[in-house]
Each structure stands twice: as C-alpha cells, then as structure tokens.
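Novice: please find the sequence and the predicted model below.
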Amino acid sequence: MPEPRRHFHEQLQDLERGIQDMGVAAQDLFDLSLRALLDRDRALCDKVIAGDDAVDAYYLDIERGIMDLFALQTPVASDLRLLTALLHVEVHLERVADMAVNIAKIVKVSCGLPSNARVVEHLEEMGGLALQMLAAAMDAFDRRDLTLCRRLTTMDDPIDRLNRGMLAEVLDGASDKAMLEWGIAMHVVSREIERVGDHAVDIGEQVAFLITGEFMEFTDASHPELEHPGGAVRSSYLRGVEMGGQRPAAGP
C-alpha cells in the first residue's frame, strides 16, 4: 500500500477509536445523570453538567479530523461511507450527552419536591434499557454487526411503552400542587430518556448504512406500510455514494 494511503487508513482508525471513546464518555455521562435522578443528588447534577465539555471536545476533534480527510484525501466509496457514518454517529452521541445535561438540570431544580416511587422505578427501568441500547449500538459499530443494529428497534419498544404511560402515572399520583410539579418535571425526564433510545436506533441505522451501502430507516411512523419484515424502511438516500455521486431518478 502506498505510504499516503497507509497514513490515510491510520487516520481513519484513529477516528474510529475516537468515536468509541466518545461513545463511552456519552454513556458514562448519561449513566451519571440517572444516578443523580435516583439519588436526588445536586452534586452529581453539577458533575453531569460540567462533564458535557469533555463530550463536546470529542465532537470537535472528530469533526475536524473528518473534515481534514475530506479536504486532503480522495476517499473511495467504502471510506466515504465510514466518514459519513462517523459524522452522523458523533452528532447522536453529542445529543445523548445533551440529554444527560437536561436530565441533570431538571433533577437539580426538582430535588426539594415530593416524589412518587412508582414513577421513579419506571424511569430507572427506562434509563437502564437506554444504556443497554447505547452499548449495543456502539458494539454493533465496532463489530459491523447488522443483526444487532436491527435488534435495536425491539430493544426500544419497552422504553416507548413506558414513556407513553408516564403522563397517566404522573397525573394519577398528583395528590397536590408540589407533587404535580415534580411529576411534570419527571414527564420531561421520561421524554429525554426516550430520546436517548431513539439516538441509539439512529446510530444503528448509520452502522447499517456503513455495512450495506444503503440507508435504511428501521421505523417510520409516517409510513408504517413501507416497513419491511426485516425491520427496515428502505431508502435511496445516500445511495449516490455507490453510484458515482448520482442519485437515482425520482419516480413518477
């Protein structure tokens, strides 16, 4: 292999290691926000908020590295897919860290309010499932595991179910104004956790694109009739990478 190409692939490997490190940092921050939620610990909340800077630093370093390779190299189709996937995955990981910060801020301002043990239990369950999904998504990326990517939608179903039932639980347990205020805050936390699961699914979609060269939405609430038995909605999006930069012609 010519020296410039060898150096190029070493840089790609460095970027992959960076995205895995960023994934660990985002997962750790989200995990810490869940601990702050369960312990109602303001000090942990502050630690989560401060910790977002480290994830942002990963984001900026990886993005600069990707842009440098776009500018200085001529990636072939498979390398271009990897760079594109890395750009998307780092956005989702950065958003996971933002979800953790949002949870920490909400917990911090609601610590003095009465709580509902059942709601907390369900939030803990949701958070644990979301953490498992993040770990699975990053493992699928590391191993290029298409089956694991597609399994993420099934893993996401319990989180969605618990999130849909959260408002009713909050209202049922709202015995006074203070409890209702806490419950509304926890309903927002539930939504933040649910979004973390969605970001894990989105990472899986990017990994599937990296493996197959075809972008696939695993779920599509607007067009469920287009979903295939394999759990993916097929799309021509980004197929231009495999077609010399030309997108397929639009249908009638």
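Specialist: In hand now; what should we look at? What you see is a predicted model, and the numbers here were worked out from it, not measured in a lab.
Novice: quick one: low-confidence parts of the stretch 51-200 of the chain?
Specialist: Within the stretch 51-200 of the chain, not a single segment meets pLDDT under 70.
Novice: for the stretch 1-150 of the chain, which segments count as helices?
Specialist: 3-39, 42-72, 77-110, 117-143, 146-172 (DSSP state H, counting those that start in this stretch).
Novice: how about the ones you listed in CSV, adding mean neighbour count?
Specialist: Quick note: C-beta positions are derived from backbone N, CA and C, even for glycine. Shown next, in CSV, are these (neighbours: other CB atoms under 10 Å):
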stretch, mean neighbour count
helix 3-39, 18
helix 42-72, 16
helix 77-110, 20
helix 117-143, 19
helix 146-172, 17
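Novice: closest one to Met179 among these?
Specialist: Between Met179 and the helices of the stretch 1-150 of the chain, the tightest spacing by CB to CB is seen for helix 146-172, at 8.9 Å.
Novice: mind putting the helices of the stretch 1-150 of the chain into JSON lines with distance to Glu181?
Specialist: Listed next are the helices of the stretch 1-150 of the chain as JSON lines, based on distance: least, CB to CB, whole Å:
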{"stretch": "helix 3-39", "distance to Glu181": "16"}
{"stretch": "helix 42-72", "distance to Glu181": "17"}
{"stretch": "helix 77-110", "distance to Glu181": "7"}
{"stretch": "helix 117-143", "distance to Glu181": "13"}
{"stretch": "helix 146-172", "distance to Glu181": "10"}
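Novice: now for the residue lying closest to Asn102 once chain neighbours are set aside, how many residues are close by?
Specialist: Nearest non-adjacent residue to Asn102, counting by CB to CB, 6 or more residues apart in numbering: Glu192, 5.2 Å away. By other CB atoms under 10 Å, the residues close to Glu192 number 23.
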